[in-house]
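S.K.: Return a 3D structure for these sequence lines:
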Amino acid sequence: KMEGVALNVYPQGLREILVYTKNNYNSPTIYVTENGFGQTNITKVEEGVKDVGRLRFYQSHLRAVKEAIDHGVNVKGFFPWSFMDTWEWNSGFTERFGLIFVDFKNELKRYPKLSALWFKKFLRS
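M.R.: Numbers count the residues shown, from 1 in each chain. Model (predicted):
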């Protein structure tokens, strides 16, 4: 479950909807967009960069996308939400979805989170 957000995490659901879309809509090209994990606003950099929940979220969701591709789904892209912490319509600056921690109280300095470091390795492999 995402921290601070009334949404459950269910990576199998992503695989299921991708396969369903392939089977019922003539196998379209699919781009997964705005797939992300929100965490309660953490203002300290030391805590904010340790986003283990987000890291696990992306690992499990990308595994689900791979399984869908193995079932013949034509997935051409996956875009995480979001690259860096940002202002969110429903929660302002109190939810953090970014791979990069933005220190809103210190000149908007940016720090890569564990999830960003993992993504970097993942994309290079």
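S.K.: Partner strands of the helix or strand bottoming out on mean pLDDT in the chain and their direction?
M.R.: For the chain, the helix or strand with the lowest mean confidence is strand 39-40, at a mean of 86 (criterion: mean pLDDT, DSSP states H and E). Strand 39-40 has these partner strands in its sheet, going by DSSP bridges: strand 95-96 (antiparallel).
S.K.: what's the residue nearest the centre of the chain in contact with, if anything?
M.R.: Centroid check for the chain by CA atoms, centre = their mean gives residue 36 as the closest residue, at 2.8 Å. For residue 36, the contacting residues are 54, 57, 80, 81, 82, 97, by CB atoms under 8 Å, 6 or more residues apart in numbering. Using the backbone N, CA and C atoms, a C-beta is placed for each residue, glycine as well.
S.K.: Quick check: phi and psi at it.
M.R.: Per-residue torsions, residue 36: phi -160, psi 180 (degrees, to the nearest 10).
S.K.: can you give me phi and psi for the closest residue to it other than its chain neighbours?
M.R.: Leaving aside its sequence neighbours, residue 36 sits nearest to residue 81 (CB to CB, 6 or more residues apart in numbering; 3.3 Å). Main-chain dihedrals, residue 81, degrees, to the nearest 10: phi -110, psi 110.
S.K.: Could I get the full set of helices for the protein?
M.R.: 11-24, 45-48, 52-70, 114-124 (DSSP state H).
S.K.: Tell me how far the residue nearest to residue 74 when sequence neighbours are not counted lies from residue 102.
M.R.: What sits nearest to residue 74 in space, not counting adjacent residues and going by CB to CB, 6+ apart, is residue 29, at 5.0 Å. Separation of residue 29 from residue 102 (CB to CB, to the nearest Å) stands at 33 Å.
S.K.: That concludes my questions; thank you for your assistance.
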